[in-house]
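1. Generate coordinates for the sequence data below:
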Amino acid sequence: MTTVSGSSVASLSTSTIPGALDAEALERRTRQIGRELFERIGRGPSPWHRAWWDDRLMTWSLNDPRVRVQLFRFIDVLPSLRSADSVRRHLAEYLAEAGEHVPWWLKLAVALAPAGSDRETLLAWSARSVAGVMARKFIAGATPDQATRTVLDLRDKSLAFTADLLGEAVISDAEADLYQQTCVDLIRGLADPLKKAPEVPLIDRDQNGPIPRVNLSLKLSSLITHFDPIHAEATLMSVAGRLRPILRTARELSAYVHVDMEQYSSRALTYAIFRRILAEPEFRDWPDVGIVVQAYQPQAEAELRVLLEWVESRGTPITIRLVKGAYWDYEVLTARRLGWPEPVFLQKWQSDAMFERCTRYLIEHHEKLRPAFGSHNIRSLAHAIAAAETAEIAPAGYELQTLHGMGDVIQAALVARGHRVRVYTPYGAMLPGMAYLVRRLLENTSNESFLKASFAEHA
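-> Residues are numbered from 1 along each chain as shown. The predicted structure follows:
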């Protein structure tokens with residue numbers, strides 16, 4: 001479990017604190033807030049609530065790496081399995097690889113469902129049902145109407161949202177066009193019902209006044225068949241042609257658009273496209289946009305400096321979503337396979353320390369780079385809150401972001417303290433969407449994993 005003290009993080013990260021922030025006072029306040037959050041989290045749902053059982057299931061699934069990998073591999077292939085027999089066989093094969101770590105009751109359920117039997121049909125139905133329940137926990141829906149219901153439920157809990165469009169790398173222009181149209185349709189589908197919804201001041205206003213209620217996160221790689229840094233200008237032109245209509249729709253309907261960051265290989269081009277398009281006269285004065293910075297990359301702080309310089313020349317602020325990073329295993333394995341240097345930190349404490357340095361940089365420049373801290377790590381959240389307090393920035397001057405379906409007690413604890421919490425909410429077809437999330441989870445079995453950290457570390 002992550003501790004509140006974080007001594008290795010503190011000793012490294014305080015070395016670059018801006019002069020306005022006193023290191024010792026900041027560390028004391030970080031620990032105070034961390035202890036308070038842990039106390040609030042300890043008052044989470046009881047066994048009489050569905051949420052308690054959901055959390056226990058996820059904790060069990062994620063804590064044992066052998067069970068975790070096999071169960072999620074099974075869910076990955078489940079949408080493609082057409083018969084009860086294929087469901088039973090695949091489940092049995094995947095669980096066999098986990099061996100003695102599989103609970104006895106799950107082994108028994110598979111053993112008592114022979115081929116061609118009614119119990120086999122029941123087992124297949126149960127597997128799909130459980131996967132569907134998990135998908136609905138993590139995914140907002142597959143249509144604008146379903147997404148609307150989800151985000152209105154979040155608003156009832158004083159939680160904001162950003163809708164993340166699930167999707168694989170597109171393989172045709174038709175798929176890229178479909179992704180673009182889905183973005184436009186989702187913005188239009190959410191705009192009217194959210195405009196009519198009662199105001200929730202905690203999430204609908206910042207220190208300057210009203211903020212967009214509709215918030216969309218997208219991946220530039222899904223707007224082109226081949227996101228190719230080698231042919232950067234051609235890639236930019238193609239992506240821009242599909243991105244501009246999304247931005248126009250968002251601006252017309254007072255929505256917000258955030259650009260997600262993906263693998264290291266696409267990082268530089270993603271930033272370049274973002275800066276080029278948002279500096280165009282049509283979008284130059286539009287503040288309702290943002291981009292991700294990944295703290296597990298050693299150059300994260302330098303990227304913030306470049307973005308600040310660009311924002312100053314543009315003359316309009318943007319939002320920065322600061323995260324640890326969600327592709328750690330992929331980056332390390334790919335680099336080692338190719339004989340290249342790893343582009344990410346290899347130790348968790350290094351990423352944590354960079355996150356805190358970047359946090360303070362964002363706090364120092366919050367009027368131009370509006371901070372959004374994406375983490376389930378208690379120390380990281382407490383440090384962000386403490387840094388803002390030390391710099392005399394009110395909670396309305398920044399936001400904290402978590403993942404839909406993960407860490408509900410953390411969200412509730414933060415809301416109770418008066419913080420604006422935005423929930424990163426995947427949107428797409430349920431089972432295929434769950435398979436997509438599973439692949440992301442399997443890529444990230446290290447401590448850098450945003451998903452794993454929320455449960456297995458309870459932080």
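2. Now for L122, how many residues are close by?
-> Around L122 there are 14 other residues, counting by other Cβ atoms under 10 Å. Quick note: C-beta positions are derived from backbone N, CA and C, even for glycine.
3. pretty sure it contacts A113?
-> Yes. Taking Cβ atoms under 8 Å as the contact criterion, L122 and A113 are neighbours in contact, 7.2 Å apart.
4. where do the strands sit along the protein?
-> 160-165, 205-206, 209-210, 215-218, 256-259, 289-294, 318-323, 369-374, 399-403, 421-427 (DSSP state E).
5. Name the strands paired with the third one and say parallel or antiparallel.
-> Meaning strand 209-210. For strand 209-210, the paired strands and their directions (DSSP bridges) are strand 205-206 (antiparallel).
6. Need the contact partners of the strand it pairs with.
-> For strand 205-206, the surrounding residues in contact (Cβ atoms under 8 Å, 6 or more residues apart in numbering) are 199, 211, 370, 396-397, 420.
7. make it 10 Å
-> Outside of strand 205-206, the residues that reach it under the criterion Cβ atoms under 10 Å, 6 or more residues apart in numbering are 199, 211, 370, 394-399, 420.
8. Show me which of these are buried.
-> When those are checked for burial by 16 or more other Cβ atoms under 10 Å, the buried set is 211, 370, 395-399, 420.
9. Give the burial count for R248, as a bare number.
-> Other residues lying near R248 total 13 when counted by other Cβ under 10 Å.
10. Quick check: buried residues in stretch 110-124?
-> When burial is assessed from 16+ other Cβ under 10 Å, stretch 110-124 yields the following buried residues: 110, 113, 120-121, 123-124.
11. Let me have those residues in TSV, extended by distance to D185 and pLDDT.
-> Supplementary listing: these in TSV, determined by distance: Cβ to Cβ, whole Å; pLDDT from 0 to 100:
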residue	distance to D185	pLDDT
V110	41	88
A113	41	89
E120	40	90
T121	37	92
L123	37	90
A124	33	89
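12. now the strands of the chain as CSV including mean pLDDT?
-> Putting those into CSV (pLDDT from 0 to 100) gives the following:
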stretch, mean pLDDT
strand 160-165, 95
strand 205-206, 96
strand 209-210, 96
strand 215-218, 97
strand 256-259, 98
strand 289-294, 98
strand 318-323, 98
strand 369-374, 98
strand 399-403, 95
strand 421-427, 94
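13. And the helices in the stretch 101-250 of the chain, which stretches?
-> For the stretch 101-250 of the chain, applying DSSP state H, counting those that start in this stretch gives helices covering 104-111, 118-138, 144-156, 173-196, 201-204, 232-252.
14. Point out where the stretch 51-200 of the chain drops to low pLDDT.
-> 51-63, 167-168 (pLDDT under 70).
15. circling back: between the buried ones among the contacts of strand 205-206, which is closest to Q180?
-> Ranking these by separation from Q180, with Cβ to Cβ as the measure, puts I211 on top at 24.6 Å.
16. doesn't E399 make contact with that closest one?
-> Yes. With contacts counted by Cβ atoms under 10 Å, I211 reaches E399, the gap being 9.2 Å.
17. Name the residues contacting each of the two.
-> With Cβ under 10 Å, 6+ apart applied, the overlap between the contact sets of I211 and E399 consists of 160, 203, 319, 370, 420.
18. D204: how many residues sit nearby?
-> Residue crowding around D204 was assessed by other Cβ under 10 Å; the count is 19.
19. wait, I meant E100
-> With neighbours defined by other Cβ under 10 Å, the count for E100 comes to 7.
20. ok, now A96?
-> Applying other Cβ under 10 Å, I find that A96 has 12 neighbouring residues.
21. next one: E24
-> E24, neighbours per other Cβ under 10 Å, totals 9.
22. Check the one 3 residues further on too.
-> Burial of E27 is recorded as 21 neighbouring residues (other Cβ under 10 Å).
23. That one against A386, yeah?
-> Yes. Here E27 lies in contact with A386, judged by Cβ under 10 Å, at a distance of 8.1 Å.
24. got a list of what the nearest residue to E389 once chain neighbours are set aside touches?
-> Spatial nearest neighbour of E389, chain neighbours left out: R29 (6.2 Å); criterion: Cβ to Cβ, 6 or more residues apart in numbering. Contacts here follow Cβ under 10 Å, 6+ apart; on that basis R29 touches 22, 382-383, 385-387, 389-390.
25. closest to G99 among these?
-> Each of these was checked against G99 using Cβ to Cβ; the closest is A382, at 39.1 Å.
26. where does that closest one land on pLDDT?
-> At A382, the model reports a pLDDT of 97.
27. That one and G34, how far apart?
-> Distance, A382 to G34, by Cβ to Cβ, to the nearest Å: 4 Å.
28. Tell me how many other residues crowd A25.
-> 12.
29. Look at the closest residue to it other than its chain neighbours and say how many residues are nearby.
-> Beyond its immediate neighbours in the sequence, the residue positioned closest to A25 (Cβ to Cβ, 6+ apart) is T390, lying 6.3 Å away. T390: 19 surrounding residues under other Cβ under 10 Å.
30. surely T390 meets T359?
-> No. When contacts are counted by Cβ under 10 Å, T390 is not listed as touching T359 (11.3 Å).
31. just to revisit the earlier point, switch the strands of the chain over to TSV; also include distance to G339.
-> What follows is the strands of the chain, written out as TSV (distance: least, Cβ to Cβ, whole Å):
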stretch	distance to G339
strand 160-165	34
strand 205-206	47
strand 209-210	52
strand 215-218	33
strand 256-259	31
strand 289-294	23
strand 318-323	28
strand 369-374	32
strand 399-403	34
strand 421-427	34
